[in-house]
Structure formats: C-alpha cells, structure tokens
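Visitor: Fold the following for me, if possible:
(one chain, ligands or ions: 2)
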Amino acid sequence: MSEIFPGIHWLKMPITLEQSTLAHINIYLIEGDKGYLLVDAGWNTDKSFSTLHNFLIKKGKSFHDIKQIVVTHVHPDHYGMAGRIKQLSGATIAMHHIEKDFIEPRYISMEELLHKTDRMLTANGTPEKEMVVLRDASLDVEKYIVPTMPDKLLHDGDTITSGAFKFQVIWTPGHSSGHICLYEPSKKILLSGDHILPKITPNISVNPQSIENPLGRYLESLKELRKLDIELTLPGHDQPFRNLKERIDEIIYHHGLRNLEILVAIELQPKTAYQIAKEITWGDNGVWQDLPPFHKRMAVFETLAHLEMMAAESRVDKLPRKGVNYYKQK
Ligand SMILES: [Zn+2]
Ligand SMILES: [Zn+2]
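Guide: Ligands and ions are numbered 1, 2, ... in the order given. Below you'll find the model as predicted:
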C-alpha cells in the first residue's frame, strides 16, 4: 500500500490464476470530500477482498467510505469485484457506455458469444479439433466476477470529480472497445488502465466484441495521448511510471515489427490468421506450442488485428476461400 501521489492510494491486488502472466492488478483510491473514488476493482477473490478491506481498516474507514467506482473496462481483473464492493458500500459504478453492453454477453448469458467466437476461430483457420479448447479457454474465470450493471454511463470528454481531482474521461478503444483512461490535467496524471502498461504490450485483438480495425484505433488513440502533458502514469498492471511518451513510442514500434513479421510469413503464399499465429514468436521468443489455450486464442485474434489493420492500409489482400479467410502480402 502506498500513497503514490498526495491523495491517491495505490493497491496491488493479487492475481491467483495460473494462466495469467501478470503479477497483480493495480487499483487506485482517490480521496474526495465525502469519500473515495475507486478506479478499477480487481478479481473477486478472498485475497483481493482482504487487500482492500485491510487498507480501509488501516485508514480507519469502512466500505461505506467508497462513494464512486470507475471501471476502465469490464475485463475480469478490473471489473470482477466491482459488484461486491457496490453491495457493501452503496457506491455508484461508472463505465463507458460501450463496456456496459459487454456485461450480459460475457458474464450472464454466454452462449451467443461462445457461438460467435466459434465462428470467428473457424473462419480464421482454426482446426476443428482445437476449436472447442480455444473457444472455451476463458470460461473458468467466470467465478471471479460479480456481474453488476453500471449506475452511470460515461462518454469521451466527461468529467469525474473527487475532492481536488477533476478527471477527464478519455475514450481509448483498442484493448477493449469501451476502454477509458482518466486524465487529471492540473496534476499531470493519467490513469491508463490496460491501454498503456510499462513493460508488456496490451493485447489488441479482433474478437466478437471488438470495433472495426481495433489495432488501428488503438494506435490512433496512443498518438492522441502522446500530445498530452503527463508526468505520472498509473497503469492497471505493474509499476507506475514517468516516461509515457517513450513508452508510447516503444509500443508503436513493437506493433510495426509485428506487422513486418506477419508480412514475411505471407510473402509467398496466402495463410490464415491461425497459420500465421503458429509461425511467429510470442512473448520473449516464445513459440505457439508452449502457449496455454487462452493465450493461443489471443494469439490468433491478435494476429487478426494486425491483418485487419494492414488490409485497411492496403498492405495485404484478404482472400476468402470456402468460408475461411486467407491473407497475402500485396
Ligand atoms: Zn484488460
Ligand atoms: Zn488488465
């Protein structure tokens, strides 16, 4: 627990899932006149719950002192425990209006989303015997989520006030279609969620809930953030950092390299996103065979995000054949 900036408390919430490569999820409690604004909530696990509870006890506070909860996006690590905290505190939950529409299909009635994922994996070359494993790869995380509808829907440009802090809501689609960052111009602080992380590049994929050309939109929104005056970035994972512009440049460079790697793979013959994902490197020189199913699925959909962006830029041709999409360098 630490006060990372006067009035902003940073808590590292544990991630206990084996499939996660992330050590923890960061949540931030921002002091206000009547109580805290909580940004992101962590997984709904006993460990996460006691991390937050212990913080409140040490401060001589209770759950009732949490007045607002803002969720940067509805992935389980950021949204999972928001509903449980709301039940205990009576706090309002706010999120971007696009994210609200993902709650029901992701966490309440999942059949349609599974069906769409199934079709998308098949259309991108996933062999039938692997399809079910990849499609169902994230089902085991559902128990760590308390699905709760937001009380307030946010739009780009909205303001969220907590005491001396006035955060601007910045819509940053890409990692999730309704992902938001919070920017405090007078304090030069950015709460970046999963949009910008200090070490790993966030997953940007084409999936049944993504907007058109998510990687293109993601890179555009990075360039917009680069123009802002920001000294301290408070990310959703890993450590807070100060070199935001440098980090943005690194992420843009990384995606450029990945494009080149993909282009080389489809220089001579058309391939599906699945075939390409099997050939290129993942993580620190990792290979496809070593990835767990959830990461394999992300790898296929991440490859697809690159292909869709390069198709929009006329760098690759999309060649549908018998319901399966192949891509070839132009
Ligand atoms: Zn996320
Ligand atoms: Zn995350």
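Visitor: Please enumerate the strands of this protein.
Guide: Assignment of strands within the chain using DSSP state E yields the ranges 2-5, 8-14, 24-31, 36-39, 66-70, 92-96, 152-154, 159-162, 165-171, 180-184, 189-193, 232-235, 316-321, 324-329.
Visitor: Mind putting the ones you listed into CSV with mean neighbour count and distance to L268?
Guide: Yep, even glycine has a C-beta here, placed from its N, CA and C like the rest. Below are those laid out as CSV (neighbours: other Cβ atoms under 10 Å; distance: least, Cβ to Cβ, whole Å):
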stretch, mean neighbour count, distance to L268
strand 2-5, 14, 51
strand 8-14, 19, 47
strand 24-31, 23, 42
strand 36-39, 26, 48
strand 66-70, 24, 49
strand 92-96, 22, 42
strand 152-154, 18, 47
strand 159-162, 17, 52
strand 165-171, 19, 40
strand 180-184, 25, 41
strand 189-193, 27, 40
strand 232-235, 22, 40
strand 316-321, 13, 13
strand 324-329, 19, 8
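Visitor: Any idea which of those gets closest to ligand 1?
Guide: Closest approach to ligand 1 among the strands of the chain (Cβ to the ion): strand 189-193, 7.3 Å.
Visitor: which other helices and strands contact the closest one?
Guide: Using 3 or more Cβ pairs under 8 Å, 6 or more residues apart in numbering; DSSP states H and E as the contact criterion, the elements in contact with strand 189-193 are strand 180-184, strand 232-235.
Visitor: Same list, those strands, but as CSV with mean pLDDT and distance to ligand 1 please.
Guide: As requested, the helices and strands packed on strand 189-193 are arranged in CSV below (pLDDT from 0 to 100; distance: least, Cβ to the ion, whole Å):
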stretch, mean pLDDT, distance to ligand 1
strand 180-184, 98, 12
strand 232-235, 98, 11
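Visitor: Now render those strands as TSV, adding distance to ligand 2.
Guide: Compiled in TSV, the helices and strands packed on strand 189-193 are given as follows (distance: least, Cβ to the ion, whole Å):
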stretch	distance to ligand 2
strand 180-184	13
strand 232-235	9
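Visitor: any idea how far L215 is from K318?
Guide: Applying Cβ to Cβ, to the nearest Å, one obtains 15 Å for the distance of K318 from L215.
Visitor: Enumerate the residues of the stretch 51-200 of the chain near ligand 1.
Guide: For the stretch 51-200 of the chain, the contact set with ligand 1 under Cβ under 5 Å from the ion comprises 75, 194.
Visitor: and N325, what are its bridge partners?
Guide: The partner list for N325 in beta bridges (DSSP bridges) reads P320.
Visitor: Nearest to V141, out of the strands of the chain?
Guide: With respect to V141, and counting by Cβ to Cβ, the nearest of the strands of the chain is strand 24-31 at 12.8 Å.
Visitor: Could you give the average pLDDT over that closest one?
Guide: Throughout strand 24-31, pLDDT has a mean value of 96.
Visitor: Could you shift the numbering so residue one becomes 12, and keep it that way?
Guide: I'll keep to 12 as the first residue from here, and by that count the last item is strand 35-42.
Visitor: Could you tell me the angle between it and strand 77-81?
Guide: The directions of strand 35-42 and strand 77-81 differ by 130 degrees, with axes from the mean of the first three to the mean of the last three Cα atoms, to 10 degrees as the criterion.
Visitor: helices and strands around strand 35-42, which ones?
Guide: If you count contacts as 3+ Cβ pairs under 8 Å, 6+ apart, strand 35-42 packs onto strand 19-25, strand 47-50, strand 243-246.
Visitor: now the last one, how far from the chain's geometric center?
Guide: Distance, stretch centre to chain centre, for strand 243-246: 15 Å (Cα atoms, centre = their mean, to the nearest Å).
Visitor: Report all helices and strands that that strand contacts.
Guide: Using 3+ Cβ pairs under 8 Å, 6+ apart as the contact test, the elements touching strand 243-246 are strand 13-16, strand 35-42, strand 200-204.
Visitor: Was I right to think R237 contacts K256?
Guide: Yes. Taking Cβ atoms under 8 Å as the definition, R237 is a contact partner of K256 at 5.6 Å.
Visitor: Looking only at neighbour counts, state which of these two leads.
Guide: Neighbour totals were compared for R237 and K256, and R237 leads with 15 against 12 (other Cβ atoms under 10 Å).
Visitor: Distance check, the more buried one against P281.
Guide: Taking Cβ to Cβ, one finds R237 at 35 Å from P281.
Visitor: Can you tell me which helix or strand of this protein has the lowest average pLDDT?
Guide: The weakest-scoring helix or strand in the chain, judged by mean pLDDT, DSSP states H and E, is helix 139-146 (a mean of 85).
Visitor: Alright, calling it a day.
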